[in-house]
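>>> Fold the following and give me the result.
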Amino acid sequence: MKKLQAESSSPLYHQLMQRLSEDIERGIYPVGSRIPPEHQLEDLYKVSRVTVRRALAELTSEGLLEKKQGKGTFVSTPRISQDLKSIHSFHDACKQNGFKGGTIVVHVKETSPDASDLEELNIREGDRILETLRVRTADGVPVVLEKNHFSMAYAYLENENLGGSLYNVLRDYGVEPKQATHDISMAFATEAQAKLLDVEPGAPLMRLHEVVYDQKGRPLHNSLQLIRGDRFVFRI
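Here you go, the predicted structure:
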């Protein structure tokens, strides 16, 4: 094994981070496996306990490793990363992160708007809206439960195949999602939500509320997404 270079301009903890990252990428430490304890890493790489702890802490903060109380440090399941500064479809985010995106359509139906819909979609009381409820998957694993509300100007979506990218369907109609506002909070899965996301009832979820606007600055839709934090991370 090639030794870490104490005389290098790169700090030892950073060299150890790179070495462990490379070992994970090569499959020496597969996803879900436990990496050696701190004292073994000290002996293996001839570095101090402080260096080992700094490297592990940095890799944990990056999401590559996770600590399990009383069990040790394990290689994390890869998470999808999406930048909130730009609008991308879930399928695009999956592709950029090396996952195969999928969609399960739960329902597409007309319904009555609530107070938020009236304000955010610029519609009048008494109008109807179109609601889509879909489960977004990555490599077959449920990641996001997504509910979108549209004004009836987009009623044509009811007759479209929404099992892929919704934004690609809209682009076929000349509609381009251009900007969005975001509110992120925490939620806990109800029994129905837990079943769709394959988590335990009461499991913590990220809650993302968005209002998306088209290329002319008009409200396109609002969205409520319940997201598994163990599978998805946002960059801001």
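>>> what's the distance between Leu44 and Ala57?
According to C-beta to C-beta, to the nearest Å, Leu44 and Ala57 sit 18 Å apart. Every C-beta, even on glycine, is put in place using the N, C-alpha and C of the backbone.
>>> Could you do Ala153 as well?
Counting by C-beta to C-beta - Ala153 and Ala57 are separated by 50 Å.
>>> now swap in Ala192 and tell me
Remark: distance between Ala192 and Ala57 (C-beta to C-beta) = 38 Å.
>>> These two: which is more packed in?
Each of Ala192 and Ala57 has its neighbours counted (other C-beta atoms under 10 Å); Ala57 has more, 15 against 10.
>>> any idea how the protein splits into domains?
Domain segmentation of the chain under automatic domain parsing yields 12-75, 80-235.
>>> Mind putting the ones you listed into TSV with distance to Gln5?
Below are these laid out as TSV (distance: least, C-beta to C-beta, whole Å):
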stretch	distance to Gln5
domain 12-75	7
domain 80-235	31
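>>> Dump those to a markdown table, plus mean pLDDT and distance to Leu4.
Formatted as a markdown table, the domains of the chain follow (pLDDT from 0 to 100; distance: least, C-beta to C-beta, whole Å):
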| stretch | mean pLDDT | distance to Leu4 |
| --- | --- | --- |
| domain 12-75 | 89 | 5 |
| domain 80-235 | 90 | 28 |
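>>> what sits up against stretch 162-169?
87, 89-92, 103-105, 108, 132, 134, 148, 157, 160-161, 177 (C-beta atoms under 8 Å, 6 or more residues apart in numbering).
>>> what about the helix or strand where Gln18 lies, distance to the chain center?
Element membership of Gln18, judged by DSSP states H and E, is helix 12-25. Centre-to-centre, helix 12-25 and its host chain are 25 Å apart (C-alpha atoms, centre = their mean, to the nearest Å).
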